[in-house]
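Enquirer: need coordinates for the below:
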Amino acid sequence: MSRQIVGCFSFIAAVLFSLMISSAGLAQSQPFQASVTPDIAVHDRNTMIEGLTLSLWGENPQKALSLGVVNGSTGQSAGFSWGLLLNYADSYKGVHWAAVNYTQNDFLGWQSGFINYTDNRLKGVQTGWVNYARRFTGVQLGLVNFAETAEAGLQVGIVNVIRQNRWFSEFPDAVAPGMVLVNWRF
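Expert: All right, here's what the predicted structure looks like:
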């Protein structure tokens, strides 16, 4: 039985090794990334990963399933990033699940963690203790929800702020700049 297990692992290692060797000539895209840090990794941090990344701290442009402690996505990335501590991205389409999720530009999809922060446009859902989006279309569910502006959005939580709203002057399309339990703009 143990010979079969060793043989199976040897076969998997040989396949992974041959994939890395055969795809080395592509240089634009790789199916797999493993990293300890962005500089101690199977592939350079500028290599597009289209497949799976496993890392303590990884950072690549990607269209991938990313599993790690800290997942960094550069450029226009997409996929599912599941980080123990932190997911960060330039722009991202997909799912970010970590204690802290940060997107510098635009995020399309679902951010879920204790703190979710999109510094430009969020289209989608944020679920967490504290949710922030500069420009917001979608749903924020959390203890504290904050948006500078909203095209069409609903906030549900203890503190809900949409700064562009005016006190009940646009009701029912918008409620107020700050509300308890629920706030919206449509």
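Enquirer: which residues in the chain form helices?
Expert: Applying DSSP state H to the chain gives helices spanning 2-22.
Enquirer: where does the prediction get shaky in it?
Expert: 1-27 (pLDDT under 70).
Enquirer: centre-most residue in it?
Expert: Taking C-alpha atoms, centre = their mean, the centroid of the chain lies closest to His96, which sits 3.0 Å from it.
Enquirer: ok, now which ones touch that one?
Expert: His96 sits next to Ser81, Gly83, Asn87, Ala89, Thr103, Phe107, Gly109, Trp110, Gln111, Ser112, Gly113, Asn116 when contact means C-beta atoms under 8 Å, 6 or more residues apart in numbering. C-beta: built from backbone N, CA, C; applies to glycine.
Enquirer: dump these to TSV, plus distance to Val144 and neighbour count.
Expert: Below are those laid out as TSV (distance: C-beta to C-beta, whole Å; neighbours: other C-beta atoms under 10 Å):
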residue	distance to Val144	neighbour count
Ser81	23	30
Gly83	21	24
Asn87	20	27
Ala89	22	28
Thr103	18	26
Phe107	18	28
Gly109	21	19
Trp110	18	18
Gln111	14	30
Ser112	15	18
Gly113	13	24
Asn116	11	29
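Enquirer: from those, pick the one nearest Ala147.
Expert: Asn116 (11.7 Å; C-beta to C-beta).
Enquirer: picking that back up, report the beta-bridge partners for the residue nearest to the centre of the chain.
Expert: Bridge pairing for His96 (DSSP bridges) gives the partners Ser81, Gln111.
Enquirer: could you do Arg185 as well?
Expert: Note on Arg185: beta-bridge partners by DSSP bridges are Gly153, Ala174.
Enquirer: hmm, it is touching Glu148, no?
Expert: No. If you go by C-beta atoms under 8 Å, Arg185 and Glu148 don't touch, sitting 11.4 Å apart.
Enquirer: what touches both of those two?
Expert: Each of Gln164 lies in contact with both Arg185 and Glu148 under the rule C-beta under 8 Å, 6+ apart.
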